[in-house]
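[1] Here is a sequence with its predicted model. Questions after.
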Amino acid sequence: MAIQVTRGVATCIRRTPENIVIQVQHVSDSRRAARALGKAAQEIAALDGGFQSAPGLSPGDRNGPKHVSGVLPTGNGPFVRIDGGHTPVEVLQTIPQIIAQRLQEEGIEDALLASPALGALWGNSLESESRAVVLRMYPLPPRRRGERSEIARECVLDAAEWVTAGIEPFDEVWADIESMQFAIPAAEAQTFFEEAQITHCASSHLLAGRLGHRIRGAHGCFWAVRTSIALAGGGPGCTNGDLVAIFEDLKAVARRMAPMVAYAFISIEPNFAYFANIIHPSDWSASGGTEPSDLPFVCDEIVADAFPYQVIGPGHLARLGRLPPGSTALADGRAELAIGEPSQWLLSDSEPFYLSNHPERLPVLQSGRQLLQACLLTRGETAEVRRGRDVRGFGTQAS
């Protein structure tokens with residue numbers, strides 16, 4: 001096949017020089033391709049457009065690409081994003097040749113350079129989607145400074161499998177990695193999500209279904225201590241019965257993954273706005289409780305709030321002193337706690353809501369908070385726990 005360049009690459013360079021995306025496809029060794037692309041990215045960043053007239057240039061300034069991203073891996077091949085700024089088009093048109101040369105130096109003779117289709121998938125479009133059932137899973141915090149939080153590979157693969165359940169292997173799902181969005185075959189979803197974990201991506205997503213109707217999604221944050229996975233299902237096309245069914249599906253996932261996580265909970269939220277974010281709508285945090293951004297550091301003994309369903313571990317149980325009423329012991333010292341029925345946490349389809357202390361939810365919410373009181377801390381108390389861990393070695397030994 002040799003190294004070929006699609007017409008879409010030249011079109012992308014000519015029409016959107018501020019957002020050039022080039023992907024190396026159809027390679028037998030994606031690791032070597034990524035290494036070659038990384039070398040090419042350094043060379044592209046150093047391209048010189050010469051002395052050109054452009055906004056912001058001072059006399060004597062030279063003109064080159066404004067930004068070149070790191071290499072972003074996907075199951076369909078690695079790619080880079082380039083903001084050419086005001087670099088002359090004739091200079092930017094040398095980029096495919098640079099990449100091809102670096103591929104050949106790595107021993108890659110057959111490849112296709114393409115510009116994958118991109119789309120504005122996240123943001124306002126998801127914020128308008130009505131009601132989502134969301135499962136969030138957190139691994140154990142690191143035991144000492146400098147370590148990462150690592151979530152089990154099984155959780156990553158299971159998350160991708162849940163999103164693509166019922167979809168044919170060659171059907172497309174949307175993927176998003178570091179704000180770059182593109183379509184991939186459903187069969188490659190697990191590889192994509194696993195690569196995001198391996199490369200410690202701070203933000204990666206999978207989405208299946210149809211906006212405006214029913215959708216399923218997975219969000220992975222694999223960066224440093226703030227590691228978590230979120231699964232969400234819902235949308236305007238879902239009735240209360242559909243949302244309860246999604247809740248039961250996600251509960252089965254949480255139960256299956258329980259031995260591999262420090263903490264997990266399922267919430268029912270007004271839309272998908274918080275699904276792709278470590279922050280979640282909880283009025284416990286809004287009223288002075290643990291900050292959502294602090295939760296990954298202490299999630300093995302502190303809970304975010306009362307929710308319809310939670311998986312807690314040895315650290316939580318030590319604080320509580322016993323299994324809470326209504327809970328069931330699981331493997332490896334974990335326990336599941338269901339508070340009320342899912343239907344008690346649902347509001348009418350037409351009634352908007354944001355915080356969890358809506359009058360219709362208040363009785364079941366207060367009941368859950370009483371059960372979990374020892375694990376619900378204020379921000380000041382959470383800070384004390386974190387300071388204590390700094391002295392003891394940062395993390396607990398519960399596993």
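    Good, I have the coordinates.
[2] which residue packs closest to residue 82, ignoring adjacent ones?
    Of all residues not flanking residue 82 in the chain, residue 20 sits nearest, at 4.1 Å (Cβ to Cβ, 6 or more residues apart in numbering). C-beta here means a position set from N, CA and C on the backbone, and glycine is covered the same way.
[3] quick one: the one you found and residue 87 touch, right?
    No: with contact defined as Cβ atoms under 8 Å, residue 20 does not count as touching residue 87 (10.1 Å).
[4] Between these two, which has more neighbouring residues?
    The neighbour comparison of residue 20 against residue 87 (other Cβ atoms under 10 Å) goes to residue 87, with 25 against 22.
[5] I figured the more buried one hits residue 63, correct?
    Yes: counting by Cβ under 8 Å, residue 63 is a contact partner of residue 87 at 5.7 Å.
[6] so who does the residue nearest to residue 82 touch?
    By Cβ atoms under 8 Å, 6 or more residues apart in numbering, the contact set of residue 20 is 12, 13, 81, 82, 83, 84, 92, 95, 115.
[7] Which member of the residues you listed is positioned nearest residue 231?
    residue 81 (27.0 Å; Cβ to Cβ).
[8] where does the closest one fall, helix, sheet strand or coil?
    With DSSP: H, G, I helix; E, B strand; the rest coil as the basis, residue 81 sits in strand.
[9] Skip the chain neighbours and tell me the closest residue to it.
    Nearest in space to residue 81, with sequence neighbours left out and distances taken as Cβ to Cβ, 6+ apart, is residue 69 at 4.2 Å.
[10] Confirm for me that that neighbour is in contact with residue 80.
    Yes: the pair residue 69 / residue 80 is scored as a contact, 5.5 Å apart, by Cβ under 8 Å.
[11] about what we covered before: want to throw the contacts of residue 20 into JSON lines with neighbour count and distance to residue 143?
    Formatted as JSON lines, these follow (neighbours: other Cβ atoms under 10 Å; distance: Cβ to Cβ, whole Å):
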{"residue": "12", "neighbour count": "21", "distance to residue 143": "46"}
{"residue": "13", "neighbour count": "23", "distance to residue 143": "48"}
{"residue": "81", "neighbour count": "18", "distance to residue 143": "36"}
{"residue": "82", "neighbour count": "25", "distance to residue 143": "40"}
{"residue": "83", "neighbour count": "15", "distance to residue 143": "40"}
{"residue": "84", "neighbour count": "25", "distance to residue 143": "45"}
{"residue": "92", "neighbour count": "23", "distance to residue 143": "48"}
{"residue": "95", "neighbour count": "26", "distance to residue 143": "44"}
{"residue": "115", "neighbour count": "22", "distance to residue 143": "44"}
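[12] And the residues you listed, which two are furthest apart?
    The span of the contacts of residue 20, defined through Cβ to Cβ, is set by 83 and 115 at 14.4 Å.
[13] Where do the helices of this protein begin and end?
    For the chain, applying DSSP state H gives helices covering 7-15, 30-45, 89-92, 95-105, 124-127, 153-163, 189-198, 240-257, 283-286, 295-298, 314-320, 342-345, 362-371, 379-392.
[14] can you tell me which residues contact residue 291?
    285, 379, 382.
[15] Drop anything exposed from the residues you listed.
    Buried subset of the contacts of residue 291 (neighbour count, 16 or more other Cβ atoms under 10 Å): 285, 382.
[16] so can I have a markdown table of the contacts of residue 291 showing distance to residue 254 and pLDDT?
    Rendered in a markdown table, the data for these read as follows (distance: Cβ to Cβ, whole Å; pLDDT from 0 to 100):
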| residue | distance to residue 254 | pLDDT |
| --- | --- | --- |
| 285 | 21 | 79 |
| 379 | 27 | 92 |
| 382 | 23 | 92 |
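[17] closest to residue 205 among the contacts of residue 291?
    Looking across the contacts of residue 291 and measuring by Cβ to Cβ, the closest to residue 205 is residue 285, at 23.2 Å.
[18] who touches the residue lying closest to residue 236 once chain neighbours are set aside in this structure?
    Leaving out its chain neighbours, the residue that sits closest to residue 236 by Cβ to Cβ, 6+ apart is residue 130, at 4.8 Å. The contact partners of residue 130, by Cβ under 8 Å, 6+ apart, come to 234, 235, 236, 270, 271, 349.
[19] what's the answer for residue 336, then?
    251, 254, 255, 258, 309, 310, 311, 312, 327, 328, 330.
[20] The last one - how many residues pack around it?
    The one in question is residue 330. Residues within reach of residue 330, counting by other Cβ under 10 Å, total 17.
[21] Is it correct that it is in contact with residue 313?
    No: applying Cβ under 8 Å, one finds residue 330 not in contact with residue 313, separated by 9.3 Å.
[22] re the thing from before, so what sits against both of residue 69 and residue 80?
    residue 41.
[23] Those two: which has the busier surroundings?
    A direct count of neighbours by other Cβ under 10 Å for residue 69 and residue 80 places residue 80 higher, at 24 against 16.
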